[in-house]
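Undergrad: Have a look at this prediction, sequence included:
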Amino acid sequence: ARDALAAVISQQKLQKDLLQSSLRPILLNLADYRKLSVPLLHGLSRLLSLLSNFFNLTLGEKLLEHLRRWTDPDALSKTKTFKPGDEVKIPSAI
């Protein structure tokens, strides 16, 4: 399925407005590190493998910023936003 979708994307020009409106919910979840989840990051990985040329460096910078938050375990434990075990899985997925 991924290869077929990649072939379609390479043959047809995607409408920028449609793509932006479709990606907005995903990007909004990426804006706040407390909304990150393993399924979201895995989906982003698959999306980037297909549409990497539609993203700019800001996305990578934001992910690195989120990754830096995991260097302070005390702050993470205070948020109590993540399920047990996700404190390791989420930075690994980033």
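TA: In hand now; what should we look at?
Undergrad: what residue ranges in this structure score low on pLDDT?
TA: For the chain, the stretches flagged by pLDDT under 70 are 80.
Undergrad: which residues touch the longest helix along the chain?
TA: The longest helix of the chain (DSSP state H) is helix 16-31. Helix 16-31 is contacted by residues 35-36, 40, 43-44, 47, 51, 54, 59, 62-63, 66 when judged by C-beta atoms under 8 Å, 6 or more residues apart in numbering. Just so you know, the C-beta spots here come from the backbone N, C-alpha and C atoms, and that holds for glycine as well.
Undergrad: Quick check: phi and psi at the residue in the chain sticking out farthest from the centre.
TA: Of all residues in the chain, Gln11 has its C-alpha farthest from the mean position, at 25.2 Å, by C-alpha atoms, centre = their mean. The phi/psi pair for Gln11 (degrees, to the nearest 10) reads phi -90, psi -30.
Undergrad: separation between it and Leu50?
TA: Going from Gln11 to Leu50 by C-beta to C-beta, to the nearest Å gives 13 Å.
Undergrad: Overlap in contacts, these two.
TA: Shared contacts of Gln11 and Leu50, counting by C-beta under 8 Å, 6+ apart, come down to nothing at all.
Undergrad: Please consider this matter closed, and thank you.
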